[in-house]
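Trainee: My questions concern the predicted model and sequence given below.
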Amino acid sequence: MKAKEAFRHGKDPEAFTPYEQKIQDLRKQGLNNHEIGAAMGQSGATISSRIKVIKEKEALQDARSEEHTSELQSRL
């Protein structure tokens, strides 16, 4: 589901799915894309694609966090 579709369905498009969280956990353990793919029954290319989505979500979360911090600082 794309971000716009997720938003329309009441889901946070920046939230990580359980599948994405599992990939992140395996990456933190030091596994590469091919090892993660083997562990999850997917190809390394599929994992690479999902990592791109994860990085996009992380960038959106960072941007939102910076906006929120700036807004709070402006109120001081």
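Mentor: Nice, thanks for sending it over.
Trainee: Number of residues surrounding residue 23?
Mentor: Using other C-beta atoms under 10 Å, residue 23 has 25 other residues around it. Bear in mind the C-beta positions are built from the backbone N, C-alpha and C, glycine included.
Trainee: Tell me if I'm right that it and residue 36 touch.
Mentor: Yes. Using C-beta atoms under 8 Å, residue 23 is in contact with residue 36, at 5.9 Å.
Trainee: which residues do the two both contact?
Mentor: Shared contacts of residue 23 and residue 36, defined by C-beta atoms under 8 Å, 6 or more residues apart in numbering, are found at residue 47.
Trainee: Low-confidence ranges, the chain, go.
Mentor: Regions of the chain meeting the criterion pLDDT under 70 cover residues 1-11, 13, 68, 71-73.
Trainee: where's the residue positioned nearest the centre of it relative to residue 39, distance?
Mentor: In the chain, the centroid-proximal residue (C-alpha atoms, centre = their mean) is residue 54; its distance is 2.7 Å. Using C-beta to C-beta, to the nearest Å, residue 54 is found at 16 Å from residue 39.
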